Structures are given as C-alpha cells and as structure tokens.
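**Student:** here are the coordinates; sequence isn't available:
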C-alpha cells in the first residue's frame, strides 16, 4: 500500500476510491497485465536472483499466463528490474536487486493481480456507483404530515 | 549534481552522453591542438560543478525550444515482438482465435495500400505488387451487424416498456465512437493496429474493434461473439443513468400522450413540499398526479424546473427505468439461475 | 430518478425552522438551537459539509434563567468607545435588547472556528411574535421546546377551572386571614 511508504502521511499520499478498469469482472475477468519485461545484468551479483528466476520459473509463468507477453532483456551493469505494462497504459517498475528467485516470483504474481491503476490511499474500503434502492435521504424523508399542520396552527396563533 | 541530465535510454543512468542536445554539442568541430601538455592537479575540482551546470542550462534551453517529444508507437521500442503480442491477445480475452483471422482484423485498408505503394516504388513487376493481404473491412461489417442486433435485443429485453426512441438512444450511447475506442484501448488493441498513420485515428480503432468481434464470430460462432459484446460493450451500462442518455425535449407533453393512450386522466403537478421560498436558494418538491395517483416526484430550485423533473421521473417510473429497478442481467450465470427458478417472471409481476 | 444535481440540491437544501423561546431556559435552548444550526440532527451530517438549517426564534423577551442567574450572570459588553469593556448583568443586558441574551448564549455554544459567524447569520431572533411576512413564508417546521411552558391561571378556561379537582370546597362566608 502506498501509505506504508516511510514518511508518507495521509496528506502527502494521493487519496481516492475503489475503482475497476472497464467494469472488469462484470462479465468476464481480464488480466490487466499486458506485458512484462525483465531487465537484468548477465554478470552482476545483484541480478543473480533474476537469473535464477529466468532459468527456473519463467517458463512456468509464461505457460500459466498466455495473455501476458514476456520479454527478457539482459543489459550490462544495470539495476535488475521488472517493468510491467498494463492495459490502461500505466507502467510500473519494481526494482529487484539482491532479491532471491522466490521473492521475485511473488513480485511478479503481485504485478499480475494488480489492475494497473496507481496505488492510492483508500478513503473508504467500499464504493458504489449505483444509487441507493431506498432513495437518497432528503430533509422531507420520513417527515410526518402532522408537522405541517402543527406549524400552520402555530402561525395562526401568532399575536401580530 | 545528482539530478543532471535525463535517464539514458540504453544504460538507464543519469547521463548526458546519449541526450539529443549533446549530439548538437558535438557537432562543432574543435581544432586539434598541436601540442598538449597534461599536468596532474590534486585537490577539489572546482570547475566540475559550474561546467555541468552550464551543460544542464543548455539542455533545458534547447528542450524548451524543441518542445515535447512527439508520441512514438510502442513498436519502436526494443522489446517488441508483433507475433507474440498477437498470440497473447486471444488468451487474454479468453477467446481461441485463429492467428490469420486476427491478423486480418488488425490490418486496416490504408496499411495494405501503403505496402503496395512501397513495392511499386521499389520497381517490382506489376504481378508481384499486388499483395495477398486481407484487411478488416469485411470482418468489421459482420461485427457491426452482430453488435447492433445484440444490443437492441438486450435493451428491449431489459426495458420492455421503453419506447423505440429510448432504446435507440441507449444503443447510440453504448455504440458511439468514443465509447468503442475507449473499450478498444483498454483491451490492448491500440498497439497492435496496422495502419498507415500514427497516432491511429479513432475511426480506424473503432473499425478494428468491430472487426475483432467479427473475428470472434468467424472463429467461434455468433453465440460466443454475443457473449463478447455483452461482457465488454453492454457492461459499460453498469453504474450509468439510463434516463440521462435519452433527452426528452418536452417530458410533460410526452407524459400526457402516454396517459391519454392508456385512458387515464391528465397529469397534474402539485407542490408537495417547499422551503426557503423567499431566499436565493429555495427548494420546491413537486409531485405529478393523475386521477389522484402519484406518478413521480422531484425537486428543483425553481417551479418550472421541478415540474419538468417530476415529469421525467414519472416517465421513468412508467417505463420501468426508475431508480431502484433490478440490475441489468449481465451475469449470465445469474440470468440462467433466475430463469430456472422463474424468479424473473415473479419480479416482473410483483413490480 | 431525478437528476443527480437536483437530488443533491434537495438533500442539502436549507430548512427554515420556528422556535418559541417563551419560558424556555436560555442555555438549554441555545444548545438545542446550535444542533439545528450546525445540521447535527441530519443523518448526512459531516463537519466539513455545510448542511445547517435556518432557525427563527420568537418571544426572546420571555426567555428564562434558573435561580438568580439574571443577577449573577455577567456579559462583557463593549460600549463602543475605546477601552470601555464593561461587565453587565443578564438582567440589564436583557433590558437593553431582549434578543441579545439568547444571541450570546448561542454564540458561545457554537463551535469556536471560522464557521461560527456564518452559522450566526442563519439565526433570526425576534423579541415578540412579530415576524416579517417574507420570513414567515419560508418556514417549514417547528423545533420541539426544551420544556413545556406551564399554563398561567388566566389562560385556563372557565370549564377547566370548574373541573379542576379540589381538596375542599370553602363555605360561602369563608374569609382567608390576610
């Protein structure tokens, strides 16, 4: 969550409401992760976990998620990272220097499950676009008819 | 000077080396010195900071002058494989599509013409110039036919009392170009389109999206294509106000017509509640009655507005598009369950 | 469904409420008026949303205090000249302007923030029952009184007086001493 960032408070983190992209899940669920790129160094010790992941887990991941395009781009002397591109055009980057293959597996899975919308502090844990079935409250809701009569009688009794 | 320069595209570091303005810096030819004396100087390099600052100022100035970079197609990036992307498109949406059909659906007519023109310019013989490449015009026609048919059927089934104009208004809202382009964009269609121009114009995107529906129909049959339309196009009606899509110019006149057809009395607006009538923020609650029966009530800051609004609410109540109606039957599983238990008929009879 | 704009307008529309201050304890009445001025009686209340109502108070000259509060209670009054803040007893203050005591009570009862002045503009105080017609037309409802004002003897009708239970009926020639 965004509000777990050190030094971030409720005011500094952008806040918002629960949203879904394109009413996803109303009809069928579409995985929002479009493509994922693994960038790492072939020689660096910091990228060792990514190399392990590519050797042992990547093919399983690609077979399990045929809708996600996977690119592997080794580059010399760079910080190892996962670049995830989502259907709504957002790009998220996770830096995975010095992380083990198991940890990277978890990171990739969390990227798959995300909607691609930016992480925000949620103001409420629930949200609806549909109005209430009972109707919105108004000052005249559940107001007894006798109150109007009482007011009229009182106004009549005013000594003017 | 940690923030100097931009991220280099190749090595992803803060670097000036690959920046476009640095290319212009290197254009100036510096005459080679005939004699170079190199002496080692120890201590703080006080010239480094002003030197880098000067470079940064120059970069900023040139960036201002050049303006923002033009949008680049995703295919210009180094990590791009069209075949892989095309393969992933079907499984992502849960459809088993033939690659050739899909490739045809993503190909616009302008792309084929552009390719033929390129071949002609290369001086190939006339027999070879003609490409055996399918474009999406046929598929998009099929897709459009299926989409309109299904959406009309769906809305008529959902709102059986709504007049034909209202059904058409809702249909037009769902199938308008902006909406279809929006849906296509969120299904990853944008990067895959093969078109002669970039950025891809909205009509082409719309045509490609309809062609995909046509491709689903071609490969998997019309039933599957209708499910596709329901899941991605009709689902956009969730959370939207159906009454706002249909703009009735004279609701009170229409209400009178509808009541006359049914043989009921004329509509009669009455003030139910009011507050602050002599202030600048008054509120009037108006109810529309016919034969002493309340058809609908609404409020407004002036009386004519409140009356018009109340007539709209009365119309919505009569056409069963009112607030608090049962939700759209978008979940097919729920729909079949409801049909099995006869719940739908029960609800309709009750309401 | 009414349009969302109209729905919102109706939900946050201001009500005009009538309040009779006759023989009501001033501090308790002020508390009750504040509740309606701030909108705390509404289910949609939120401190950041401006959802208070207008309150029209009549008969403020007949407002009540308990015990010897009329003499004991002091109000700081500025006479209008420099360095002339004086303490005035509630009795004198009330004699000066019969609406001022209730106004002060409500003002001190409201939350001490920037909203206080704008909330006070929605309080309409009248010394007696003479309300201007334009305000009378705005009214919607009555605020229930803090306590039911007791009936005076001259307000009872002759039948009520006759049917009142008596401990004993005095003889015709009965003369109370003094």
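**Tutor:** Alright, I've got the coordinates. Quantities reported herein were computed from a predicted structural model and do not represent experimental measurements. Numbers count the residues shown, from 1 in each chain, chains lettered A, B, ... in the order given.

**Student:** CA only for contacts and neighbour counts going forward, please
**Tutor:** OK.

**Student:** how far does stretch B:72-88 stretch from start to finish?
**Tutor:** One end of stretch B:72-88 to the other measures 22 Å (Cα to Cα, to the nearest Å).

**Student:** How far off centre is it?
**Tutor:** Between the centre of stretch B:72-88 and the centre of its chain there are 21 Å (Cα atoms, centre = their mean, to the nearest Å).

**Student:** And for stretch A:120-136?
**Tutor:** The mean C-alpha position of stretch A:120-136 is separated from the chain mean by 17 Å, Cα atoms, centre = their mean.

**Student:** avg pLDDT for it?
**Tutor:** Averaged across stretch A:120-136, pLDDT comes to 79.

**Student:** residues near residue A:113, how many?
**Tutor:** 11 (other Cα atoms under 10 Å in any protein chain shown).

**Student:** Now it. Nearest residue, chain neighbours left out?
**Tutor:** residue A:31 (7.3 Å; Cα to Cα, 6 or more residues apart in numbering or on different chains).

**Student:** What are the phi and psi values at that neighbour?
**Tutor:** Backbone dihedrals for residue A:31, given as degrees, to the nearest 10, come out at phi -70, psi 130.

**Student:** ok, it - how many residues close by?
**Tutor:** The burial count assigned to residue A:31 is 23, neighbours taken as other Cα under 10 Å.

**Student:** Surely it is in contact with residue A:112?
**Tutor:** Yes. With contact defined as Cα atoms under 8 Å, residue A:31 reaches residue A:112; the gap is 7.0 Å.

**Student:** Name the residues contacting each of those two.
**Tutor:** Common neighbours of residue A:31 and residue A:112, counting by Cα atoms under 8 Å, 6 or more residues apart in numbering or on different chains, are absent.

**Student:** still on that earlier bit, the residue nearest to residue A:113 and residue B:64, how far apart?
**Tutor:** Taking Cα to Cα as the measure, residue A:31 falls 40 Å from residue B:64.

**Student:** just residue C:67 next, same as before
**Tutor:** According to Cα to Cα, residue C:67 stands 79 Å off from residue B:64.

**Student:** Same question for residue A:146.
**Tutor:** Distance of residue A:146 to residue B:64, given as Cα to Cα: 71 Å.

**Student:** Over to residue A:49?
**Tutor:** 42 Å.

**Student:** Nearest to chain A: which residue in chain C?
**Tutor:** Closest contact between chain C and chain A, by Cα to the nearest Cα, is at residue C:11 (4.4 Å).

**Student:** isn't that residue right up against residue A:139?
**Tutor:** Yes. Counting by Cα under 8 Å, residue C:11 touches residue A:139, with 6.4 Å between them.

**Student:** mind listing the helices for chain A?
**Tutor:** If DSSP state H is used as the criterion, the helices of chain A fall at A:48-56, A:58-64, A:101-113, A:145-156.

**Student:** would you turn those helices into a markdown table with mean pLDDT?
**Tutor:** Converted to a markdown table, the helices of chain A look like this (pLDDT from 0 to 100):
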| stretch | mean pLDDT |
| --- | --- |
| helix A:48-56 | 96 |
| helix A:58-64 | 96 |
| helix A:101-113 | 95 |
| helix A:145-156 | 91 |
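
**Student:** Could you single out the most deeply buried of those?
**Tutor:** For these, ranked by mean neighbour count under the definition mean count of other Cα atoms under 10 Å in any protein chain shown, the leader is helix A:48-56 at a mean of 19.

**Student:** That one - contacts with which helices or strands?
**Tutor:** With contacts taken as 3 or more Cα pairs under 8 Å, 6 or more residues apart in numbering or on different chains; DSSP states H and E, helix A:48-56 sits against strand A:33-40, helix A:101-113.

**Student:** can you state the direction angle for the longest one and helix A:48-56?
**Tutor:** Computed with axes from the mean of the first three to the mean of the last three Cα atoms, to 10 degrees, the direction of helix A:101-113 lies at 70 degrees from that of helix A:48-56.
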